[in-house]
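Chemist: sequence and predicted structure are below.
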Amino acid sequence: MTAKQGAPVPAAPRLSDLMPWSVAPLRLGRSWVRDPDPAALRARWRALADADPAARALLFRPSRARTVHSAVAQLPGRNTPTGRLSRAVGRCPEPVRVLHGPFDRQWLLPDHRLIDAARPELWRVADEHQLFLVELGHVPQTPGPAVVCSALLPDGRSPAGRPGRIHPLYRRPGGAEPNLAPGLAALLADRLDRPITPSALLAWIAAAAKHSPDGTAVPLTADPALWDRGVALGGRLLWLHTWGGHGGDGPNGPGGRPRLPGGRRPYVRAALPARGLPATLDYDREDEALLLGGGRISPVPAGAWEFHAGGTRVLAEWFAHRAAAGAAGAEPAEPGSLAALRPATWPQEWTSELLELVTVLALLAELAPEVEQLARAVADGPRLGTAELRAAGVLPAPASATRPASVLDHQEEGPEGQFALL
């Protein structure tokens, strides 16, 4: 079925129409609370705790939102002190894995006293059932997806371009109350003649979402066969975005770890130096090799090397957060600062993470032609636009759907050990 020649093109709804509740990206306020290496975070905490009050205030890097005198509540689900840091730091909270930017899994110190805007409403609904859809900033003439999905709590950072917002799939813990415009699933089920689950709609968004001048657009097909095709493709994208943590029909079955076919899997051909950190990252196209200083990893498909998201090359951005000081793109750290406490040598864990990232990016690059074909087919076929969604009463979503749900089923500790009132 194709769209009629000359017929007006239905305006595609925005992601904010379909998933009304969204949260702004986290604003850390100080870089030292996040790092690719959890041991570095523990060392920074010890340095802060051991410093005298005057030095502690300087090491902390105060901002308008946070100083060592700030009194704030605990992050939901985190048993951390709430007393002022000027008095005592307390024991180090266990670092938690977060998604930094589109594809960089790093670690964060989950202490509310350290973070300018931690977005507690996200922490309240973050559990093993939750998935987060993150809008990526758009840089014209630069390829890359409009959204990524994460099973980890994302910080929402976009390396380039203006960052978008974070859309949880569920409004409550335990996979309860999907974050969908009321009536949307029922309308799609009626038009497509099949049940529409939250996971299926999320998969469609992952496959069909695209950048637009006024926010992420999500064209909705009215063709049942095309919907099934998009959901299947989106399911594989979600599987890759979450490193196999969410369903998908991977080579090892649903929930298996992404792997390239035998003979195409990347391996370390020349080990990284035992001392120091690499300062350069290059790519040998002829040999399909990734060069990290004197280290060499191959085969690395060109698609993985060229993969962009959020306006930058993903592998280059990943490396810059781990490279030696002074390397191109590396994050500067002032000598004597907490951020300067970082690994002096390349941890083995980083090599394993890099091999996984290369695999994910290579498989995503292989799916790019299918994503483009789907976009063309949707554009040529029947669609449900914003006008039809409005006529059906789906849009605009009620104001209550744009706000966090009341999910408090236990007491949370507020500032100075008092209970928070929510």
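Modeler: Yes, it's here.

Chemist: now the helices for the protein?
Modeler: Counting by DSSP state H, the chain has helices at residues 15-18, 38-50, 53-60, 120-125, 184-192, 198-208, 224-241, 302-306, 314-320, 348-380, 386-391.

Chemist: domains in the chain, by residue range?
Modeler: The chain breaks down into these domains under automatic domain parsing: 15-258+378-397, 267-331+345-367.

Chemist: turn the ones you listed into CSV, columns for distance to residue 415.
Modeler: (C-beta placed from N, C-alpha, C; glycine too.) Below are the domains of the chain laid out as CSV (distance: least, CB to CB, whole Å):
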stretch, distance to residue 415
domain 15-258+378-397, 4
domain 267-331+345-367, 31
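
Chemist: can you redo those as JSON lines with mean pLDDT, mean neighbour count and distance to residue 9?
Modeler: Below are the domains of the chain laid out as JSON lines (pLDDT from 0 to 100; neighbours: other CB atoms under 10 Å; distance: least, CB to CB, whole Å):
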{"stretch": "domain 15-258+378-397", "mean pLDDT": "94", "mean neighbour count": "19", "distance to residue 9": "8"}
{"stretch": "domain 267-331+345-367", "mean pLDDT": "94", "mean neighbour count": "18", "distance to residue 9": "26"}
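
Chemist: what's the closest of those domains to residue 337?
Modeler: With CB to CB, the closest approach to residue 337 among the domains of the chain belongs to domain 15-258+378-397: 6.9 Å.

Chemist: ends of the closest one, what's the gap?
Modeler: Using CA to CA, to the nearest Å, the gap from the first to the last residue of domain 15-258+378-397 comes to 12 Å.

Chemist: cool, stretch 96-114 as well?
Modeler: Using CA to CA, the two ends of stretch 96-114 sit 14 Å apart.

Chemist: what's the answer for stretch 155-167, then?
Modeler: Span of stretch 155-167 from end to end, CA to CA: 12 Å.

Chemist: same check on stretch 338-346?
Modeler: 19 Å.

Chemist: so residue 114 makes contact with residue 33?
Modeler: Yes. In this structure residue 114 lies within contact range of residue 33 using CB atoms under 8 Å: 4.8 Å.

Chemist: how about residue 148, what does it touch?
Modeler: Counting by CB atoms under 8 Å, 6 or more residues apart in numbering, residue 148 touches 99, 102, 103, 133, 134, 136, 241, 309.

Chemist: mind listing the residues bridging to the fifth one?
Modeler: Partner residues in beta bridges with residue 134: residue 148, residue 166, with DSSP bridges as the criterion.

Chemist: so who does the residue nearest to residue 308 when sequence neighbours are not counted touch?
Modeler: Distances taken as CB to CB, 6 or more residues apart in numbering place residue 144 nearest to residue 308, at 4.2 Å, with adjacent residues excluded. Counting by CB under 8 Å, 6+ apart, residue 144 touches 102, 136, 307, 308, 309, 310, 311.

Chemist: among those, which ones are in strands?
Modeler: Of the positions in the contacts of residue 144, 308, 309 sit in strands, assigned by DSSP state E.

Chemist: redo the contacts of residue 144 as CSV? Include distance to residue 224.
Modeler: Output for the contacts of residue 144, formatted as CSV (distance: CB to CB, whole Å):
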residue, distance to residue 224
102, 31
136, 29
307, 32
308, 33
309, 31
310, 33
311, 35
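
Chemist: and the contacts of residue 144, which is closest to residue 222?
Modeler: Set against residue 222, the nearest of the contacts of residue 144 by CB to CB is residue 136 (27.1 Å).
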